[in-house]
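Colleague: got a predicted model here, sequence first, then my questions.
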Amino acid sequence: MPSAESTPRTLYDKVFQAHIVDEKLDGTILLYIDRHLVHEVTSPQAFEGLENAGRQVRRPDCTLATTDHNVPTTSRKTLKDIGSFIKEDDSRTQCVTLEENVKKFGITYFGLSDKRQGIVHVIGPEQGFTLPGTTVVCGDSHTSTHGAFGALAFGIGTSEVEHVLATQCLITKRSKNMRVQVDGELAPGVSSKDVILHVIGQIGTAGGTGAVIEFCGSVIRSLSMEARMSICNMSIEAGARAGMVAPDDITFEYLKGRPLAPKYGSDEWNKAVAYWKSLASDADAKYDIDVFIDGKDIIPTVTWGTSPEDVVPITGVVPDPETFATEGKKAAGRRMIEYMGLVPGTKMEDIEVDKVFIGSCTNSRIEDLRAAAQVVKGKKIAANIKRALIVPGSGLVKDQAEAEGLDKIFQEAGFEWREAGCSMCLGMNPDILSPKERCASTSNRNFEGRQGAQGRTHLMSPVMAAAAAIVGKLADVRKLTEYKSSPHVEAAVVPETTIAAGSAKAHADESIEDDDVQKDRLTDQPQDSFPQVNTSLPKATAAGLPKFTSLKGIAAPMEKENIDTDAIIPKQFLKTIKRTGLGSALFYEMRFNPDGSENPNFVLNREPYRSAKIIVCTGANFGCGSSREHAPWALNDFGVKSVIAPSFADIFFNNSFKNGMLPIPLKDQAALERVHAEAVAGREIEIDLPNQLIKDAQGNTLCEFEVEEFRKHCLVNGLDDIGLTMQMEDKIAEYEARMSQQTPWLDGRAYLKRKGQGGKLVAKAVPVPKTNRGEEKKEPLEW
Ligand SMILES: CC(C)[C@H](C(=O)O)[C@@H](O)C(=O)O
Ligand code: SF4
């Protein structure tokens with residue numbers, strides 16, 4: 001048996017190991033976080049918790065905030081401040097709240113008048129905030145994007161955002177190692193988006209559950225950083241905790257000259273590159289799961305259903321659910337076909353499209369826009385296309401595209417050229433689909449209602465979306481354009497304006513009318529008029545959580561696979577700055593008809609399930625998709641304190657515990673069926689946490705269940721884990737001081753000047769006289 005030192009390790013093992021502050025015998029780990037990105041949707045409750053407990057942000061120098069989800073993407077030429085710019089009340093409140101919080105807690109913030117504003121997963125890499133070998137978190141599932149740099153980057157819920165703000169650490173466990181190796185070459189017209197859609201089609205949306213995927217192989221190595229980011233971005237749609245690519249020369253080339261990366265050519269840069277090179281997986285490292293894909297099997301891919309795994313090649317047809325393997329899959333397929341308004345057997349290329357969206361954290365970078373422009377150049381969008389939007393991922397991407405004349409190419413073809421933001425990816429802002437509209441979209445989720453209530457989304461690459469706009473139907477881009485080479489394999493170029501950091505004026509766009517906001521009326525506004533149920537249950541408070549020992553109550557049966565958090569709580573309800581009051585909107589689209597009346601067929605609208613305290617779901621991968629902690633908050637507020645299912649998505653699983661709730665993964669099919677049968681019969685069941693048993697109403701044991709010791713301890717004792725972590729202050733400070741020596745390029749200067757208790761420097765003896773850019777400090781960044 002080789003010693004721990006000589007055991008071959010994966011990229012994930014190495015980065016994870018380097019961030020362990022403390023490890024308990026049961027494998028519970030306190031992990032140090034180098035980079036924390038913050039946006040307006042998932043942070044208000046975290047800052048509120050911090051304030052209520054009288055806590056500070058531990059490392060403002062490692063925290064970067066922006067507004068992206070709620071912001072309109074119309075011209076900012078009249079922008080005075082965010083409060084007057086955003087018309088919709090709840091969106092405005094979230095953005096203004098973030099601005100207040102960043103001021104209060106001294107965090108660097110890129111607001112709407114700053115060219116560096118944009119989608120959080122675009123701006124991190126663009127600024128060099130994301131670096132190889134770091135741990136990166138954000139209250140957002142697509143934090144996986146940053147793994148393209150060989151960072152361990154993952155989404156967290158709001159309670160964990162608060163935990164990181166307060167302690168710069170997270171409590172976690174090791175994930176499994178999974179390798180997805182894509183070898184060979186991609187054919188012209190096939191891009192990294194097709195690669196990831198194809199992979200998800202192969203492994204399914206739960207394929208990566210509990211694992212960190214390392215993408216490797218000759219195809220991945222040949223991709224630019226931007227293309228790698230698109231792949232890692234959608235690791236979350238493959239169910240993985242994170243996606244990673246080993247840093248290499250393409251990575252280092254991309255980082256040269258980025259404002260927050262070590263200064264190119266300096267000793268620090270050389271030291272950093274040497275370290276980054278050492279992170280690649282050892283040749284004989286072991287993976288728990290291996291997937292091999294041949295690049296030549298991938299052709300331009302689109303989705304047909306309402307889960308990212310429902311993919312077909314563009315040359316294919318709409319599948320027939322009656323041919324699916326199980327009754328469950330057939331039923332789910334029928335619902336998708338109906339929701340998507342499709343007929344089995346229809347050629348994908350015959351499906352007409354109403355709107356086209358090129359944007360989102362998957363595909364809104366300069367290379368995406370260049371590739372799409374190449375398809376569009378000299379052509380016009382089809383007459384049936386109602387709107388085609390190009391939404392750059394950041395103000396700097398927009399500037400770069402304009403410098404290259406891409407805006408003109410798009411506008412001449414009939415596209416709208418917008419300002420940066422999440423836009424129509426999830427429609428928390430005015431860019432949405434109307435009911436039944438069909439969209440060719442470069443985003444990452446095609447869930448029901450994702451782009452607007454009853455909207456129909458087909459996911460695809462930027463060149464495929466551009467082709468759909470020109471043809472007016474889903475289209476095979478290879479028929480439109482002669483490719484000399486695949487657009488995605490060009491080496492990354494650092495655009496001039498990307499390097500030019502610094503606050504800038506709002507950028508005007510003459511071509512967009514301000515009244516677009518009016519045009520884009522939100523049709524699916526939150527409604528607060530539904531009755532609250534089960535509000536008598538105890539709520540979490542900053543002082544600690546209600547204790548969970550035994551739970552007895554009605555269990556509502558569900559049978560669906562892949563119940564995503566968008567379905568548990570749709571986007572329009574994420575605009576709250578509170579944790580409470582969401583019970584009335586739980587499963588909104590399934591629970592209520594479009595006119596607001598109850599859907600009598602939905603389980604929670606039937607007796608005795610209106611007062612359910614437990615959900616028993618026979619479908620796997622419960623809680624997949626977005627990291628929104630609003631999902632457990634909504635369940636909790638409704639009165640549901642425990643969900644039993646064959647498996648859970650990682651972030652939802654974590655978020656539930658943080659709210660004193662107990663998700664129970666029950667893999668034993670027979671046991672699950674016994675519990676489900678009680679639920680179907682409308683009888684109470686009892687969850688006995690100390691003894692790890694599920695019992696029927698008479699107290700007879702139905703089955704045992706597993707739960708991690710540390711999580712059980714916290715639940716049974718109602719422990720606030722921020723308080724627990726803060727008791728580890730000595731270890732955290734010791735870790736920080738050590739890392740300031742070893743990786744000084746990760747510290748902002750403000751940190752080095754900061755005094756700890758007794759007036760001692762928190763991290764001394766670190767000779768970093770200048771910022772990482774080698775310049776004197778400039779506001780607002782303290783680097
Ligand atoms: C708002 C946020 C919680 C969410 C996520 O985590 O993914 C959003 O970015 C999304 O894409 O649905
Ligand atoms: S997935 Fe969409 S909504 Fe979520 S961060 Fe990315 S662009 Fe924004």
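Modeller: Nice, I can see it. These numbers come from a predicted model, not from an experiment. Ligands and ions are numbered 1, 2, ... in the order given.
Colleague: what residues does the stretch 1-150 of the chain have near ligand 1?
Modeller: By the rule Cβ under 6 Å from any ligand atom, the part of the stretch 1-150 of the chain lying against ligand 1 is 41-42, 69, 140-142. Quick note: C-beta positions are derived from backbone N, CA and C, even for glycine.
Colleague: near ligand 2, from those residues?
Modeller: 69, 140, 142.
Colleague: among those residues, which are in strands?
Modeller: Among those, no member is found in strands (DSSP state E).
Colleague: turn these into JSON lines, columns for neighbour count.
Modeller: Shown next, in JSON lines, are those (neighbours: other Cβ atoms under 10 Å):
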{"residue": "69", "neighbour count": "25"}
{"residue": "140", "neighbour count": "30"}
{"residue": "142", "neighbour count": "29"}
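Colleague: in helices, which of the residues you listed fall?
Modeller: Nothing among these maps onto helices, per DSSP state H.
Colleague: and the closest residue to ligand 1 within the stretch 101-250 of the chain, what is it in contact with?
Modeller: Per Cβ to the nearest ligand atom, residue 141 is where the stretch 101-250 of the chain lies closest to ligand 1, at 3.6 Å. Residue 141 makes contacts with 155, 236, 625-627, 651, as judged by Cβ atoms under 8 Å, 6 or more residues apart in numbering.
Colleague: ok, so of these, who is nearest residue 79?
Modeller: Of all those, residue 79 sits closest to residue 626, with 28.3 Å by Cβ to Cβ.
Colleague: what's the spacing between the closest one and residue 612?
Modeller: Using Cβ to Cβ, to the nearest Å, residue 626 is found at 23 Å from residue 612.
Colleague: tell me which of these two has more neighbours.
Modeller: With neighbours defined as other Cβ atoms under 10 Å, residue 626 and residue 612 compare such that residue 626 has more, 29 against 25.
Colleague: next secondary structure after the helix or strand residue 201 falls within?
Modeller: Using DSSP states H and E, residue 201 maps to helix 192-203. Beyond helix 192-203 on the C-terminal side, the first helix or strand identified by DSSP H and E is strand 211-216.
Colleague: between that following strand and helix 192-203, how big is the angle?
Modeller: Here the directions of strand 211-216 and helix 192-203 differ by 130 degrees (axes from the mean of the first three to the mean of the last three Cα atoms, to 10 degrees).
Colleague: now the next helix-or-strand element following strand 211-216: buried residues?
Modeller: Using DSSP H and E, the next helix or strand after strand 211-216 towards the C-terminus is helix 218-222. Judged by neighbour count using 16 or more other Cβ atoms under 10 Å, the buried positions of helix 218-222 are 219-222.
Colleague: ligand 2: which of those is nearest?
Modeller: Each of the buried residues of helix 218-222 was checked against ligand 2 using Cβ to the nearest ligand atom; the closest is residue 220, at 21.4 Å.
Colleague: looking at strand pairing, list the partners for the residue nearest to residue 12 when sequence neighbours are not counted.
Modeller: Leaving aside its sequence neighbours, residue 12 sits nearest to residue 212 (Cβ to Cβ, 6 or more residues apart in numbering; 4.5 Å). Judged by DSSP bridges, the bridge partners of residue 212 are residue 177, residue 242.
Colleague: could you list which residues are in contact with residue 212?
Modeller: By Cβ under 8 Å, 6+ apart, the contact list for residue 212 reads 12, 147, 152, 175-178, 240-244.
Colleague: can you pull the pLDDT of the closest residue to ligand 2 within the stretch 601-750 of the chain?
Modeller: Nearest residue of the stretch 601-750 of the chain to ligand 2 (Cβ to the nearest ligand atom) works out as residue 626 at 7.0 Å. The model reports residue 626 with a pLDDT of 97.
Colleague: quick check, it in contact with residue 568.
Modeller: No: with contact defined as Cβ atoms under 8 Å, residue 626 and residue 568 do not form a contacting pair (9.3 Å).
Colleague: residues near the residue of the stretch 151-300 of the chain found nearest ligand 2, how many?
Modeller: Per Cβ to the nearest ligand atom, residue 233 is where the stretch 151-300 of the chain lies closest to ligand 2, at 7.6 Å. For residue 233, the neighbour count with other Cβ under 10 Å is 28.
Colleague: can you tell me the closest non-neighbouring residue to it?
Modeller: With Cβ to Cβ, 6+ apart, the residue lying closest to residue 233 is residue 145, at 4.1 Å.
Colleague: for the one you found, give me phi and psi.
Modeller: Phi and psi for residue 145, reported as degrees, to the nearest 10, are phi -50, psi -40.
Colleague: roughly how far apart are it and residue 136?
Modeller: Distance, residue 145 to residue 136, by Cβ to Cβ: 9 Å.
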